[in-house]
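Engineer: predicted structure and sequence below. I'll ask about it afterward.
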2 protein chains.
Amino acid sequence: MRWNGWGDPERAAPLPEPVLAILRDGLGVRTRGTASVQVDTLVAPPTRLSDAAVDALRGVVGDDYLLVDDASRVAHTRGKSTTDLLRMRDGDLGDAPDAVVVPGSHDEVVELLTVAGEHGIAVVPFGGGTSVVGGLAPDARGRAALAVDLRRLDRVIDVDVESRLATLEAGLRGPAAERLLAEHGLSVGHFPQSFEFASVGGFAATRSSGQASSGYGRFDQAVVGLRVATPAGTWELGGIEATAAGPDLRQVVLGSEGAFGIVTAVTVKVHPTPAERRYEGWRFDTFAAGCLALRRLAQDGPRPTVLRLSDEAETAVGLARGGEVGTAGSGSGGCLLIVGFEGADAVVRREAAAAVLTDSGGQNLGPGPGEDWLVGRFHGPYLRDSLLDAGALCETLETAATWSALPAAYQRVREALTTSLGEQGTPPLVLCHVSHTYASSASLYFTVVSAQTDEPVVQWQRAKAAATDAMVDAGATITHHHAVGRDHQPWLAQEIGELGVRVLRAIKAEVDQDNICNPGVLIPSAPA
Amino acid sequence: MRWNGWGDPERAAPLPEPVLAILRDGLGVRTRGTASVQVDTLVAPPTRLSDAAVDALRGVVGDDYLLVDDASRVAHTRGKSTTDLLRMRDGDLGDAPDAVVVPGSHDEVVELLTVAGEHGIAVVPFGGGTSVVGGLAPDARGRAALAVDLRRLDRVIDVDVESRLATLEAGLRGPAAERLLAEHGLSVGHFPQSFEFASVGGFAATRSSGQASSGYGRFDQAVVGLRVATPAGTWELGGIEATAAGPDLRQVVLGSEGAFGIVTAVTVKVHPTPAERRYEGWRFDTFAAGCLALRRLAQDGPRPTVLRLSDEAETAVGLARGGEVGTAGSGSGGCLLIVGFEGADAVVRREAAAAVLTDSGGQNLGPGPGEDWLVGRFHGPYLRDSLLDAGALCETLETAATWSALPAAYQRVREALTTSLGEQGTPPLVLCHVSHTYASSASLYFTVVSAQTDEPVVQWQRAKAAATDAMVDAGATITHHHAVGRDHQPWLAQEIGELGVRVLRAIKAEVDQDNICNPGVLIPSAPA
């Protein structure tokens, strides 16, 4: 993973000239000292860890697994939001951890939390490092901060084929988890855009939804058990999918982003590796017509495994086909829908869904767009690096609303982004797709591109605030699958009530008395 | 509802002579002063409410809705477990509330909690009064206790047809909710055995699962929003089915049994009234063979709306057909499976499922047993009253386990019941069925009948403790759908960890500082 961008540098995605022309001529994008600083010029701030703390941490993980070199600290600084990348490209290491530890077991994580409590060190769980909401930049309040890199927790602990359950360690990245489960003929089927780098523990801690949520459900629906290392000790939860033994505390850990401790293992529902796979494209005249078709499938079935409907703007720039901006869209205006079916009954379900889509005014475009999307499905974040290189601002945000509130939410968030960035002198291109559907609701995922102002971090923060206010006004959620982190925190009370925030604080005070667990993430720190 | 039994006295279910003969000759059941005391002989204990408290409560609900007469207090004493009924039949009013209030709005419930806090009164939410785990018998510790009867909160607040959501007040009973939704062509599809009397708020507060959970999901899966009156004020949660805005606090309220406040309204997913309905019976040679067929349907579909497999013993006594003990079972030994399909595609799904069932060794018995079951589906609790009248002990308990752990859980719970009651000189008849299936797990529902000892409450408590220990040992949950109440509380820490219990206490301390909300239910009270 690049320290100041996404993924494998070998797989960078340079922008074709027609796109550069759109940026220049359509959006007024100019390069303005936007190139990144070089990593070898970076010097991390002096460590705030005492010698005694360093010794104690080494005592837990051994000499080889406490990393204090600049490169390790830089590689564990912040996540992958655009404001994170802008700060990194500027050489701002203000949020760098003071050290990185790489524990080898659950017990070592528990011991690390004990040491951290004794020495007053803030602890940040680090899976894939792909948070886009500030989840990796704690409010340490002058204390030292420790990144706990979970990459050595990479085992499949147990597979129960009969019950279709697998217990996975939290540091397993998406591809490794799928590869190891495939040896048993099984799959989790969880494919967020960050799949190639994100970790199983991160999927749980952030309520990741995954591109195949229509078919395999969200990750929070897949989890039936959790093992959590907390400052108050080990917490084992669940194992039985459905129970009435009081409040479901698994759902308290899911989405907690390290604020209550560190998830070290999850037991998840798995399914047989799909025997068949059918992906294809459909065209709808309008976004509204496409949404109606999605609702029919979500409510009355058959439910496809993947459903992704781009609006007119996203379809026009070609992003609908999986991140290859500048290639042709459907070629005929309208909105592109990608529909995928996986499983032994893929062909049968595809046929029944095709009847619904046709009846809803859809035109079948054949498998081409579907196959394109599959190839490019993890490609989006690479594009952003190229856009930043070209001097553009590019970021995504997302929400969900009930079907009845969806059209208004779509309009209001678009307007908020357009107005805010327009008022800042950088009118944007705003693209949108629906990629997660439920019986009662659906998600909206926006991609925003504009020129940068001289202060792009502030520029985006203003636009994002306007968009999030619009979500709240429209009765939509402040985040469907990106979690809260520090970026969404100012709106959390509007989502769960002041009483909800008080409940979260009370839970945290119980399991994390010294406030060492990712302080300031999810739950606002008390005023300094 | 009978004060000392179940339901409508007009619908009592006297036992046929062959059943009485089995009780006498097979189980050694003798009548032994087991007839109930008469209600007109009962005098409730003196009220512990001060005059000031009574005035303040009247100030909230008005004179007509504060009830202090003996009949009202008796009617709100305890729930409907067998030990509850045995105590009532003995005239034991030790758990009678000091008064009953019948608020007319959410705001009145909030005000009642304020008054209760000021006067140190324990508050018990009363929906249908059908708890079977001691959820209505708070540990008031000498304080006055108030039953808050929610029957006037009986409106449908909102119906969003497009999003298939309905917002229902908590006091709506099952039949009224279905009748009002049917006016919109909609249904919740939630049919627990207590359906005729239980309330929407109770479904939420206890994580009720419902006989049609295979098709429509559990009630906790249907809820997308909650309005809760707490001592700390109103708490509104949710509205969007899927969100990543931190821990899902709806799941903290679901299953909380009044310990954090009183649910006054829920927003639930609804679906069109099913156009088609097909119910039928199948026969399997053994319970194990039937379980394998259930697992195939639960994991690979098509999922029926209702799936209920009785073991050999339950099939033999005829209870498999819906509570008509003493009628013929399948007539040929083996195990009876009831399979139901509802919805526009009922016929298609039925056909596909029939292929799986046939392939799994099932023999189709036609619609007869299915229709019988539908007629008798809410009938079970009436039988218990007749059995108690005859001098028998009769109670049910339930659990769930992963498919791989299910056979051992079944054996161990049966053995625990048989051994415990055998050692007490009353060898039981133990019947079982599976009625809730998931991809990873399934429920087990046991019915136990034996002779009574001289102390039937203690007799059953011993048997139940042995059975619950066996569940824990087998890795099964302590309750799949009956909730925790006071009866399952001693095992809660084994289910959610000591840390889980601490978290529940911390939440309660935050929202219910004076410990007035159903004290001692769900969460153990601190030592006196």
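Structural biologist: Okay, I see it.
Engineer: number of nearby residues for whichever residue of the stretch 251-400 of chain A sits closest to chain B?
Structural biologist: Chain B sits closest to residue A:251 of the stretch 251-400 of chain A, with a gap of 3.7 Å, by CB to the nearest CB. (Glycine included, C-beta is placed from N, CA and C.) For residue A:251, the count of nearby residues is 22 (other CB atoms under 10 Å in any protein chain shown).
Engineer: same thing with the one 4 residues further on?
Structural biologist: Here the neighbour count serves as a burial measure; for residue A:255 (other CB under 10 Å) it reads 24.
Engineer: then residue A:10?
Structural biologist: Residue A:10 has 5 nearby residues by other CB under 10 Å.
Engineer: report pLDDT for it.
Structural biologist: Looking at residue A:10, its pLDDT is 87.
Engineer: re the thing from before, where does the residue of the stretch 251-400 of chain A closest to chain B sit relative to residue B:249, distance-wise?
Structural biologist: 8 Å (CB to CB, to the nearest Å).
Engineer: picking that back up, wait, the residue of the stretch 251-400 of chain A closest to chain B sits on residue A:218?
Structural biologist: No. If you go by CB atoms under 8 Å, residue A:251 and residue A:218 don't touch, sitting 11.8 Å apart.
Engineer: quick one: the strands in the stretch 401-528 of chain A?
Structural biologist: Assigned by DSSP state E, counting those that start in this stretch, the stretch 401-528 of chain A shows strands spanning A:429-434, A:441-451.
Engineer: looking at chain A, which helix is longest?
Structural biologist: Ordering each helix of chain A by length in residues (DSSP state H) puts helix A:492-511 first.
Engineer: buried sites along it?
Structural biologist: Using 16 or more other CB atoms under 10 Å in any protein chain shown as the test for burial, helix A:492-511 gives A:492, A:494-497, A:499-508, A:510-511.
Engineer: nearest to residue B:345, of the strands of the stretch 401-528 of chain A?
Structural biologist: strand A:441-451 (22.6 Å; CB to CB).
Engineer: any idea of the mean pLDDT in the closest one?
Structural biologist: The pLDDT scores in strand A:441-451 average 98.
Engineer: put the alpha carbons of that strand into CSV.
Structural biologist: C-alpha atoms of strand A:441-451 as CSV (Å, rounded to 0.1, in the frame of the first residue of the first chain):
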residue,chain,number,x,y,z
SER,A,441,-34.2,1.2,1.8
ALA,A,442,-31.2,1.7,-0.5
SER,A,443,-27.8,3.3,-0.5
LEU,A,444,-26.5,6.3,-2.5
TYR,A,445,-22.8,6.5,-3.3
PHE,A,446,-21.5,9.9,-4.6
THR,A,447,-18.3,10.6,-6.4
VAL,A,448,-17.3,14.3,-6.5
VAL,A,449,-14.6,15.8,-8.7
SER,A,450,-13.7,19.5,-8.9
ALA,A,451,-10.7,21.8,-9.1
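Engineer: who touches the longest helix of chain A?
Structural biologist: A:230-232, A:235, A:252, A:259-261, A:472, A:477-478, A:484, A:515, A:517, A:522-524, B:230, B:232-233, B:235-237, B:243, B:245-247, B:249, B:252, B:499, B:502-503, B:505-507, B:509-511 (CB atoms under 8 Å, 6 or more residues apart in numbering or on different chains).
Engineer: then stretch A:175-182?
Structural biologist: A:154, A:156, A:159, A:166, A:168, A:172, A:187-188, A:195-196, A:200, A:270, A:273.
Engineer: which among these count as buried?
Structural biologist: A:154, A:156, A:159, A:166, A:168, A:172, A:187-188, A:195-196, A:200, A:270.
Engineer: so, low pLDDT: which residues of chain A?
Structural biologist: A:319-332, A:527-528 (pLDDT under 70).
Engineer: 80 instead, please
Structural biologist: In the predicted model, chain A carries pLDDT under 80 at residues A:32-34, A:318-332, A:525-528.
Engineer: how long is stretch A:187-199 end to end?
Structural biologist: In stretch A:187-199, first residue to last residue: 15 Å (CA to CA, to the nearest Å).
Engineer: so how many other residues sit close to residue A:439?
Structural biologist: As a burial measure, residue A:439 scores 21 neighbours (other CB under 10 Å).
Engineer: no no, residue A:178
Structural biologist: Around residue A:178 there are 18 residues (other CB under 10 Å).
Engineer: C-alpha coordinates for the helix or strand hosting it, CSV please?
Structural biologist: Here residue A:178 sits within helix A:174-182, counting by DSSP states H and E. Extracted in CSV, the C-alpha atoms of helix A:174-182 (Å, rounded to 0.1, in the frame of the first residue of the first chain):
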residue,chain,number,x,y,z
GLY,A,174,-9.8,-10.0,2.1
PRO,A,175,-7.9,-12.0,-0.6
ALA,A,176,-6.1,-14.3,1.9
ALA,A,177,-9.4,-15.0,3.7
GLU,A,178,-11.1,-16.0,0.5
ARG,A,179,-8.1,-18.1,-0.6
LEU,A,180,-7.9,-20.0,2.6
LEU,A,181,-11.7,-20.6,2.7
ALA,A,182,-11.6,-21.7,-1.0
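Engineer: what are the bridge partners for residue A:283, then?
Structural biologist: In this entry, residue A:283 is beta-bridged to residue A:336, residue A:363, by DSSP bridges.
Engineer: quick one: it and residue A:336 touch, right?
Structural biologist: Yes. Counting by CB under 8 Å, residue A:336 is a contact partner of residue A:283 at 6.3 Å.
Engineer: who has more neighbours, the two?
Structural biologist: A direct count of neighbours by other CB under 10 Å for residue A:283 and residue A:336 places residue A:336 higher, at 29 against 22.
Engineer: that one and residue A:195, how far apart?
Structural biologist: Residue A:336 is 22 Å from residue A:195, by CB to CB.
Engineer: go on, residue A:45?
Structural biologist: Taking CB to CB as the measure, residue A:45 falls 33 Å from residue A:195.
Engineer: report the contact partners of residue A:168.
Structural biologist: Neighbours of residue A:168 in contact, by CB under 8 Å, 6+ apart: A:155-157, A:177, A:188, A:200, A:265-268.
Engineer: save these as CSV, and put in secondary structure and distance to residue A:352 too.
Structural biologist: Below are the contacts of residue A:168 laid out as CSV (DSSP: H, G, I helix; E, B strand; the rest coil; distance: CB to CB, whole Å):
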residue, secondary structure, distance to residue A:352
A:155, coil, 40
A:156, strand, 35
A:157, strand, 38
A:177, helix, 31
A:188, coil, 26
A:200, helix, 33
A:265, strand, 38
A:266, strand, 33
A:267, strand, 33
A:268, strand, 28
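Engineer: put the buried members of these into a ChimeraX selection.
Structural biologist: The ChimeraX selection below is limited to those of these classed as buried (16+ other CB under 10 Å):
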select /A:156,177,188,200,265,266,267,268
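Engineer: which of the contacts of residue A:168 lies closest to residue A:396?
Structural biologist: Using CB to CB, residue A:200 comes nearest to residue A:396 of the contacts of residue A:168, at 22.7 Å.
Engineer: touching, that closest one and residue A:172? I think so.
Structural biologist: Yes. At 4.7 Å, residue A:200 and residue A:172 qualify as touching, with contact defined as CB under 8 Å.
Engineer: would you mind stating the distance between the nearest residue to residue A:99 once chain neighbours are set aside and chain B?
Structural biologist: Using CB to CB, 6 or more residues apart in numbering or on different chains and skipping the chain neighbours, the partner closest in space to residue A:99 is residue A:68 (4.8 Å). Using CB to the nearest CB, to the nearest Å, residue A:68 is found at 32 Å from chain B.
Engineer: which residues sit in contact with residue A:68?
Structural biologist: A:47, A:49, A:54, A:98-100.
Engineer: quick revisit: among the strands of the stretch 401-528 of chain A, which is nearest chain B?
Structural biologist: Shortest distance between chain B and the strands of the stretch 401-528 of chain A, using CB to the nearest CB, is found for strand A:441-451: 4.9 Å.
Engineer: elements contacting that closest one?
Structural biologist: Packing contacts for strand A:441-451, counted by 3 or more CB pairs under 8 Å, 6 or more residues apart in numbering or on different chains; DSSP states H and E, involve helix A:27, helix A:287-300, strand A:392-402, helix A:406-423, strand A:429-434.
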